[in-house]
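K.L.:
mind folding the following:
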Amino acid sequence: MRRPMLAIPLVAVSLSVGVVFVRTAAPGPTSSIPPSPTTPADPTDPTGGSKEPDLVLAAAIPLTDDELVALRDEYPLLFGRDDPLEGSDLVLKPVVRATKEDIPRLTATPGSKRLFEQMRDCFPPEVSEFFDLFEHAPCYEDLVNAAADTMEPKDLINAVKALVAYRPDVLTACHNGGHSAAARLTKRIWNPRDPYEKQLEQMRLVMREADDVCQNGYVHGFYDAIGQDDPNDNSFRAAAEVCYEVLSSTVDCGHGLGHSAWYATKDFKEAAAVCGVLKGFLKYRCDDGVIMYLPDYWSEGKSGWTADPRQPAWNPDKFYKDAVEVCSWWPKSRVGDDDPLRGCWIGITAGVLWRPISTLLNYGNYADVADEAKALIRRAEAACMEFGPRGEQFCIKEWPGMVLYVAQNNEKNILDLCSAMVKHRTFCINKSLTQLAENLSRDSETSRVVK
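P.N.:
Residues are numbered from 1 along each chain as shown. Got it, this is the predicted structure:
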């Protein structure tokens, strides 16, 4: 049975934890993770097939200062040397996530308590595997969508925060329901015909509470609704102002603004022009929020075009050629910017290059599709390398979040998938396992690596 198409939320990455590797060619610590088999030379590889020795995970421990410096020197654009916020007035605030101790506070009202208990029962304790959680998500989605028609935004979102505090492993499974529930909430309390100040007040009712719950599902749903419900200049101005107010290290409202721009225009150049009036970080994330709609748009409008590698119409040469060409016609920022195409370089990864890889999970678990996924990750890496040195680094920026999704949060799968890369395998493994360690550290009692 085919699995339902899943949205792919992105998660911010920190460098507080790292990983250390030993090469299989030299004696070293043993690992429960076997080395990946050597990948045959690929004629499309820009190196001609030459690769580093396979890497084996030795231990998930903090990187030494020298190792961290070396990694930052290799990827200066992704590790703070060229910060997209530098010189701007934006400050990324940390998000303090709820824990089990916060559940009584979050469920203090009768409505939030009842909704929390109902959602909790949607995910029985024995359900823990990645796709099993998604299969139970429709129960949760029905509840939050119904609640969005009557409950106060604060009570609804607090109940969802309590659910995630109780079961951190539903963090991804609750994303899609966040889209639909927040869109319903927003359409109920927001009127695009009201003056700017009134619209701003209405939008704050949702966005003040949402933070990054369900990997920004509620943030993105809010912006979906703004774009779909006949917005005007005041609407976009208010939506951008709210984003500046709530922006944090993980609240991805810039990406949500891209959703609004696309739904409002249904034209990629027009939507990109809307993003172009933003500056720096928000502009990059807005571009990313628009670009993610390209594969569906092309699939519907281009004869014989698909992003699904299992479909007869799949043509990898055409797919990757079209993907690379996007950034040649993407409108540049109207605001002064050293890298006016940064948003396109970043957005092309999750929005287009990784779509065929993630689509494979509609046909089975990672083990069922691993060989195809590894071939596609090499093609995606080669596509990134066509953007030049700066574009290449920004193109791979979001790969760790994609790797965790496709590898289903499993260390062995992460190592296997990243080791198929030609040039950026060390970066991929380090950053992906760093992100996995941070995700699991949020609640070591209930968070789990999916087997």
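K.L.:
show me what the strand or helix carrying H259 is packed against.
P.N.:
Element membership for H259, per DSSP states H and E: helix 253-265. Contacts defined by 3 or more CB pairs under 8 Å, 6 or more residues apart in numbering; DSSP states H and E place helix 253-265 against helix 213-228, helix 233-246, helix 268-275, helix 280-291. Where you see a C-beta, it was placed from the backbone N, CA and C, and this is true even at glycine.
K.L.:
orientation of that helix relative to helix 268-275 in degrees?
P.N.:
130 degrees (axes from the mean of the first three to the mean of the last three CA atoms, to 10 degrees).
K.L.:
ok and helix 253-265 relative to helix 280-291, angle-wise?
P.N.:
Interaxial angle, helix 253-265 versus helix 280-291 (the same axes, to 10 degrees): 50 degrees.
K.L.:
contact partners of helix 253-265?
P.N.:
Applying CB atoms under 8 Å, 6 or more residues apart in numbering, the external contacts of helix 253-265 come out as 10, 207, 216, 219-220, 222-224, 226-228, 231, 236, 239-240, 242-243, 246-247, 268, 270-272, 274-275, 278, 281-293, 347.
K.L.:
so, low pLDDT: which residues of the stretch 301-450 of the chain?
P.N.:
Scanning the stretch 301-450 of the chain for pLDDT under 70 picks out 301-303, 332-339, 441-450.
K.L.:
V324 contacts G391, doesn't it?
P.N.:
No - using CB atoms under 8 Å, V324 is not in contact with G391; the gap is 9.9 Å.
K.L.:
overlap in contacts of those two?
P.N.:
Counting by CB under 8 Å, 6+ apart, nothing touches both V324 and G391.
K.L.:
what segments of the chain are strands?
P.N.:
20-23, 55-59 (DSSP state E).
K.L.:
quick check, pLDDT for M1.
P.N.:
pLDDT, M1: 35.
K.L.:
again with the one 4 residues further on
P.N.:
According to the predicted model, the pLDDT of M5 comes to 39.
K.L.:
now S299
P.N.:
For S299, pLDDT reads 84.
K.L.:
how near is it to V352?
P.N.:
12 Å (CB to CB, to the nearest Å).
K.L.:
now swap in A273 and tell me
P.N.:
In terms of CB to CB, A273 sits 20 Å off from V352.
K.L.:
these two: who's more crowded?
P.N.:
In terms of neighbours (other CB atoms under 10 Å), V352 is the more surrounded of A273 and V352; the figures are 24 against 16.
K.L.:
that one and M402, how far apart?
P.N.:
V352 is 12 Å from M402, by CB to CB.
K.L.:
what's the answer for T359, then?
P.N.:
As for T359, its distance to M402 is 12 Å (criterion: CB to CB).
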